[in-house]
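Asker: fold the following for me, if possible:
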Amino acid sequence: MINAKERASIEKVCMIAGKIMLMSGAETHRVEDTMHRMARAFGVESAQVHATPTGINFSTGVAEMNSFLRISKRPTDLNKIAEVNNISRRVTAGELDMDEAYVLLREIELAAPGYTPWVQIVAAALVSGCFAIMFKGEWIDFLPACLAGGLGFVVMFYMDRLLEIRFLAEFFAAFVIGVSSYLFVSNGFGMELSKVIIGAVMPLVPGLHITNAIRDLVAGHLISGISKGIEATLTAFAIGAGVSLIFAFV
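Answerer: Now for the predicted structure:
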């Protein structure tokens, strides 16, 4: 029989695990499955978990008190998801008790992102150039795509912090990519404008959201799947609108 103190500890461990995963970009069905497995390993057979992209509900039983956690930001950090999954497996295998699991999860929660902003910017720039070539651009388009993509990612990164509205940040980033790409090509620095723009906007494309939306829909999480699909659609619209705006004036 699990007493009230143990239930509270189980709830705390499961909630922090779900919080880290959801805030790091995990699918909602993966979050629920991980929390279920950890609760079962601690002796709770009838745990009730419901996760959406913006929140988690958890209780240790059907008639037990329910806990809710609001999720406002969801940056992508696949490394943290993998670390929480590893802890979940160790808990299920009986290698960790509740206190040890909580300490490890808190370390993951408080850990800095795996990559600094400048590493992300450089990576986005290189990816932009590679995508320009992959979409059959010329090698002369590689460097302007790198510069436009890196500049757009910088704008998106800092506008997101300033405005705290992701869609607007992506709109302004796409607009800057369009302007810079047009200036590069019109001044002879690059050959195909379309290839430069396509390569430069690829780091902004919501590939993870689209993948998660499909996986949640397939897993039967209709609300999460539809909401993530709408989020991905709005992001794609913001990117397209930002790029299209420059063509309205040239």
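
Asker: check contacts around residue 92.
Answerer: Residues in contact with residue 92 (Cβ atoms under 8 Å, 6 or more residues apart in numbering) are 37, 38, 40, 41. The C-beta positions use only the backbone N, C-alpha and C, and glycine is treated the same way.

Asker: what helices or strands is the lengthiest helix in the chain leaning on?
Answerer: Criterion DSSP state H: the longest helix present in the chain is helix 222-247. Under the contact criterion of 3 or more Cβ pairs under 8 Å, 6 or more residues apart in numbering; DSSP states H and E, helix 222-247 touches strand 48-52, helix 166-186, helix 193-201, helix 207-218.

Asker: count residues in the vicinity of residue 5, would you?
Answerer: When counting by other Cβ atoms under 10 Å, one arrives at 8 neighbours for residue 5.

Asker: correction: residue 120
Answerer: Neighbours of residue 120 (other Cβ under 10 Å): 17.

Asker: what do you get for residue 61?
Answerer: 14.

Asker: now the nearest residue to it once chain neighbours are set aside, what's its secondary structure?
Answerer: Spatial nearest neighbour of residue 61, excluding adjacent residues (Cβ to Cβ, 6 or more residues apart in numbering): residue 46 at 5.0 Å. Following DSSP: H, G, I helix; E, B strand; the rest coil, the label given to residue 46 is coil.

Asker: where does the protein dip in pLDDT?
Answerer: Scanning the chain with the threshold set as pLDDT under 70 gives 1, 250.

Asker: surely residue 171 and residue 243 touch.
Answerer: No - proximity of residue 171 to residue 243 does not meet the contact threshold set by Cβ atoms under 8 Å, at 9.5 Å.

Asker: tell me the most buried of the helices and strands packed on helix 222-247?
Answerer: Greatest average neighbour count among the helices and strands packed on helix 222-247 goes to helix 193-201 (a mean of 26), per mean count of other Cβ atoms under 10 Å.

Asker: tell me the spacing between residue 87 and residue 94.
Answerer: Separation of residue 87 from residue 94 (Cβ to Cβ, to the nearest Å) stands at 13 Å.

Asker: please say which of these two ends up with more neighbours.
Answerer: Using other Cβ under 10 Å, the more surrounded residue of residue 87 and residue 94 is residue 87, with 22 against 8.

Asker: for the more buried one, give me the backbone phi and psi.
Answerer: Dihedral pair for residue 87: phi -60, psi -40, per degrees, to the nearest 10.

Asker: and what of residue 111?
Answerer: According to degrees, to the nearest 10, residue 111 has phi -70, psi 150.

Asker: show me what contacts it?
Answerer: Counted by Cβ under 8 Å, 6+ apart, residue 111 has contacts residue 80.

Asker: let me know the secondary structure of the residue nearest to the spatial centre of the chain.
Answerer: With distances taken as Cα atoms, centre = their mean, residue 76 lies nearest the centre of the chain, 3.1 Å away. Following three-state DSSP, residue 76 is assigned to coil.

Asker: need the residues that contact the helix or strand harbouring residue 37.
Answerer: Element membership for residue 37, per DSSP states H and E: helix 28-41. Where contact means Cβ under 8 Å, 6+ apart, the residues beyond helix 28-41 that reach it are 10, 13-15, 17-18, 21-22, 47, 49-53, 56, 58, 60, 81, 84-85, 88, 91-92, 94, 101, 215-216, 219-221, 224.

Asker: starting at the chain centroid, how far to it?
Answerer: Centroid displacement of helix 28-41 relative to its chain, using Cα atoms, centre = their mean, to the nearest Å, is 19 Å.

Asker: ok and that helix relative to strand 48-52, angle-wise?
Answerer: Helix 28-41 runs at 160 degrees relative to strand 48-52, counting by axes from the mean of the first three to the mean of the last three Cα atoms, to 10 degrees.
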